[in-house]
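Student: From the sequence below, what's the structure:
(chains A and B)
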Protein chains: 2
Amino acid sequence: MADAILVDGEWQAHLPADDRGLAYGDGVFRTLRVEAGEPVAWGVHLQRLAHDCGRLFLPVPDKKQLADDVDRLFSGGHSGVVKIMITRGSGGRGYTPPLEGSRRIVSAHPLPEDSDRQSPLILTCSPVILGQQARLAGVKHLNRLEQVLAREECRRAGTEDAVMCDHEDRVICTTMRNLLFVSAEGEWLTPALTRAGIIGATRQRLTSALSAAGVAVHETDIARSQLQTFRGAVACNSVGGVRSVVQIDGCVFPDSEKACEYARKLLI
Amino acid sequence: MADAILVDGEWQAHLPADDRGLAYGDGVFRTLRVEAGEPVAWGVHLQRLAHDCGRLFLPVPDKKQLADDVDRLFSGGHSGVVKIMITRGSGGRGYTPPLEGSRRIVSAHPLPEDSDRQSPLILTCSPVILGQQARLAGVKHLNRLEQVLAREECRRAGTEDAVMCDHEDRVICTTMRNLLFVSAEGEWLTPALTRAGIIGATRQRLTSALSAAGVAVHETDIARSQLQTFRGAVACNSVGGVRSVVQIDGCVFPDSEKACEYARKLLI
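Tutor: Down below sits the predicted model:
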């Protein structure tokens, strides 16, 4: 399947060069799986998208238009990945955002080769340290150079992923996944994403599903030095699902496979 | 004059929707003044552009192609603003940067109405705090949401500009200008931009010109609490030139006008 793109509902491979998404990364996005024409966890993605638009005082996109876009892109009932970008649209030069306007870019992509890989991850901490920005933390916005730099380091090192920490050595996420841990007491924890990191839809689904199963997930600061105390770790995103993390920087988590199996079952 | 755009040397108002500048802010830019067809401080801008491309391991753009683009955009010998963006070009979905490829977007814009304003600036510190990211500090990259948020705060407050500090209360820059200060001893200082901020071409020209005139400029950490000890302050960028800053957060700088006049003369 070749990539296909709808810009504001029109089949377009191009968009205006004065788009503020290009000029300043002034916009947000989501990436999700489509299975036999059906977007997975659509409601959660819409909710996160609306939340993120609100954080950047962007107009919340129309749900029906978005659903129509996805329907048209996957009309053959095939599977793949859909990416939704909402930018502030065309705007004059200068950082000041226009009061109105946005642009909706929805594109279909093939599933990546490794999207169904289930092997455990053995990770180290990335040399790229995440900056702290409370105003943008949690938001899946278009300013992603830190992730680009971190992925380039992964490419050079030949590693599948890496853990990202902030300047105060708190564990935040990986270059493309959220992290959850299981403590020695059997408690589930996940990094608080109030200073850095992206709140992924799968992280939200997983914490909700765990809660519903009577397992509270503690969103909290997690120091890198705490890693050695954990028994289990999983990493998740919307395209690749849940993966077990059996090691970070040499700290071994013996219960990761079990935690991963449990998490996967909750998401079915 | 309407905005005119060249994409890789072709007259285009559009660019491919899969550009990584849009997807991740994966690129750099410069904005400069053109006077009667001649770009101002062209050499310094080219040097900074090449430096910034190097920082993001982007190919350094061809100088002759860039000069040709500017010539074509300003062929009537008119004045205005030229913006140069170098992105990593089209790339697949996913943060990992392709090993090759880039896109050159050069656009002409009218001079903003306030570009020749010379009135002194009275500033306060922005509520938007700059994140620290040593890997990107100094670089004029396309991840500019912090500036968008800070300009939005200026718009709401009805202020022309605001000073931006980092999380450790160091003064870094304004939302769109570099800052230089004059101490009680008559020394010139400017914030070190090793953790945050953009190294503007005019800052570079001004520090070089001051040096050449026998006045050393100390690039150093400047705490917000130090502001009250200064006698003078100026702010500069490539479109608006040098402006005096007579007050920041109530700290009055009595020698700013004198410092500003001196700086302006050095740049002629």
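Student: got a list of what A:Leu193 touches?
Tutor: By C-beta atoms under 8 Å, 6 or more residues apart in numbering or on different chains, the contact list for A:Leu193 reads A:137-138, A:172-173, A:199, A:219. Yep, even glycine has a C-beta here, placed from its N, CA and C like the rest.
Student: Are any of those buried, and if so which?
Tutor: A:137-138, A:172-173, A:199 (16 or more other C-beta atoms under 10 Å in any protein chain shown).
Student: Leaving out sequence neighbours, find the closest residue to whatever residue of the stretch 101-250 of chain A ends up closest to chain B.
Tutor: Nearest to chain B, among the residues of the stretch 101-250 of chain A, is A:Gly131, at 3.2 Å (C-beta to the nearest C-beta). Using C-beta to C-beta, 6 or more residues apart in numbering or on different chains and skipping the chain neighbours, the partner closest in space to A:Gly131 is B:Gly131 (3.2 Å).
Student: Would you enumerate the residues in contact with the one you found?
Tutor: Applying C-beta under 8 Å, 6+ apart, the residues contacting B:Gly131 are A:131-133, B:146, B:166-167, B:196.
Student: Need the phi and psi values for it.
Tutor: Note on B:Gly131: backbone dihedrals following degrees, to the nearest 10 are phi -70, psi 160.
Student: Pick out whichever of the buried ones among the contacts of A:Leu193 sits closest to A:Ser107.
Tutor: A:Ile199 (22.1 Å; C-beta to C-beta).
Student: who does the nearest residue to the closest one once chain neighbours are set aside bridge with?
Tutor: Closest residue to A:Ile199 apart from its sequence neighbours, by C-beta to C-beta, 6+ apart: A:Gly138 at 4.4 Å. For A:Gly138, the beta-bridge partners under DSSP bridges are A:Ile198.
Student: which residues touch A:Gly138?
Tutor: A:Gly138 neighbours (C-beta under 8 Å, 6+ apart): A:55, A:193-194, A:197-199.
Student: give me the number of residues near A:Ser211?
Tutor: A count of neighbours around A:Ser211, defined by other C-beta atoms under 10 Å in any protein chain shown, yields 12.
Student: Check A:Leu121 too.
Tutor: 23.
Student: does the closest residue in space to it that isn't next to it in sequence sit in a helix, a strand or a coil?
Tutor: In space, and not counting its chain neighbours, A:Leu121 is closest to A:Val245: 4.7 Å by C-beta to C-beta, 6+ apart. Under the three-state scheme (DSSP: H, G, I helix; E, B strand; the rest coil), A:Val245 adopts strand.
Student: Surely A:Val245 and A:Pro254 touch.
Tutor: No. The pair A:Val245 / A:Pro254 is not scored as a contact, 11.9 Å apart, by C-beta atoms under 8 Å.
Student: Mind checking which of the two has more residues around it?
Tutor: More neighbours surround A:Val245 than the other of A:Val245 and A:Pro254, with 26 against 10 (other C-beta under 10 Å).
Student: any idea how far that one is from A:Asp116?
Tutor: Shown here: A:Val245 relative to A:Asp116, a distance of 18 Å by C-beta to C-beta, to the nearest Å.
Student: For A:Ser141, give me its contacts.
Tutor: Quick fix: residue A:141 reads His, not Ser. With contacts defined as C-beta under 8 Å, 6+ apart, the neighbours of A:His141 are A:25, A:27-29, A:52, A:56, B:145.
Student: Three-state assignment for A:Ala235, please.
Tutor: Following three-state DSSP, A:Ala235 is assigned to strand.
Student: Any idea what it is bridged to?
Tutor: Taking DSSP bridges as the rule, A:Ala235 bridges to A:Leu179, A:Arg243.
Student: pLDDT wise, what is it at?
Tutor: Predicted confidence (pLDDT) for A:Ala235: 98.
Student: what's the answer for A:Arg93, then?
Tutor: pLDDT recorded at A:Arg93 is 83.
Student: Quick check: the closest residue to it other than its chain neighbours vs B:Pro191, distance?
Tutor: Spatial nearest neighbour of A:Arg93, excluding adjacent residues (C-beta to C-beta, 6+ apart): B:His109 at 5.0 Å. B:His109 sits 28 Å away from B:Pro191, going by C-beta to C-beta.
Student: repeat for A:Arg170
Tutor: Counting by C-beta to C-beta, the gap between A:Arg170 and B:Pro191 amounts to 26 Å.
Student: Those two: which is more packed in?
Tutor: B:Pro191 (24 against 21).
Student: surely the more buried one meets B:Arg177?
Tutor: No. The pair B:Pro191 and B:Arg177 does not pass the contact test of C-beta under 8 Å, sitting 11.5 Å apart.
Student: ok, which stretches of the stretch 51-200 of chain A are helices?
Tutor: With DSSP state H, counting those that start in this stretch, the ranges of helices along the stretch 51-200 of chain A come out as A:63-73, A:145-157.
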